[in-house]
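> structure for the following, please:
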Amino acid sequence: QGNMAFAGKYEFEGDENYDEFVKKIGLPSDKVEMGRNCKIVTEVVQNGNDFTWTQHLPGGRTTTNSFTIGKEADMETMGGKKFKATVKMEDGKIVADFPNYRHTAEICGGKLVEISTTAGVVYKRTSKRIA
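You can find the predicted model right below:
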């Protein structure tokens, strides 16, 4: 698999438990509607342990998190909240603890699989590689 497995561009393909998850984390309803079945394009630039992770949302809005594995970084949540997190690599997965959920990302069969867990709700988002 190697360390460079994440670099690329991925387009949203499907998700599970979205509504339940965003309710649990208290996402405002306008953001909930915006994120539902949203064709998010995720672009990952990777240079060794340095990552730039950008999500392009319809309407030209983007969220970018830049981080280095094992070092604390300034991050932003889906809802736009700023926080600090130390992103780790565990078994080939990127793992980050957000303020109210744990987020993992891995490449599985050429797809980007992201899982967020909070209070027993598991939200899974799958994106297919487009570049």
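> residue 17 contacts residue 120, doesn't it?
No - Residue 17 is beyond contact range of residue 120, at 10.5 Å (criterion: Cβ atoms under 8 Å). To be clear about C-beta, it is placed using only N, CA and C from the backbone, and glycine gets the same treatment.
> more neighbours: the two, which one.
Remark: of residue 17 and residue 120, residue 17 carries more neighbours, 16 against 7, as counted by other Cβ atoms under 10 Å.
> and the pLDDT at the residue positioned nearest the centre of the chain?
Nearest to the mean C-alpha position of the chain, by Cα atoms, centre = their mean, lies residue 114 at 5.9 Å. Listed pLDDT for residue 114 reads 96.
> pretty sure it contacts residue 104?
Yes - at 7.0 Å, residue 114 and residue 104 qualify as touching, with contact defined as Cβ under 8 Å.
> for this structure, give me the ranges with low pLDDT.
The chain contains residues with pLDDT under 70 at 1-4, 37, 78.
> which parts of it are helices?
18-24, 29-35 (DSSP state H).
> single out the most deeply packed of the ones you listed.
helix 18-24 (a mean of 18; mean count of other Cβ atoms under 10 Å).
> residue boundaries of the strands in this structure?
For the chain, the strands defined by DSSP state E occupy 8-16, 41-47, 50-57, 61-68, 72-76, 82-86, 88-90, 93-97, 102-108, 111-118, 121-129.
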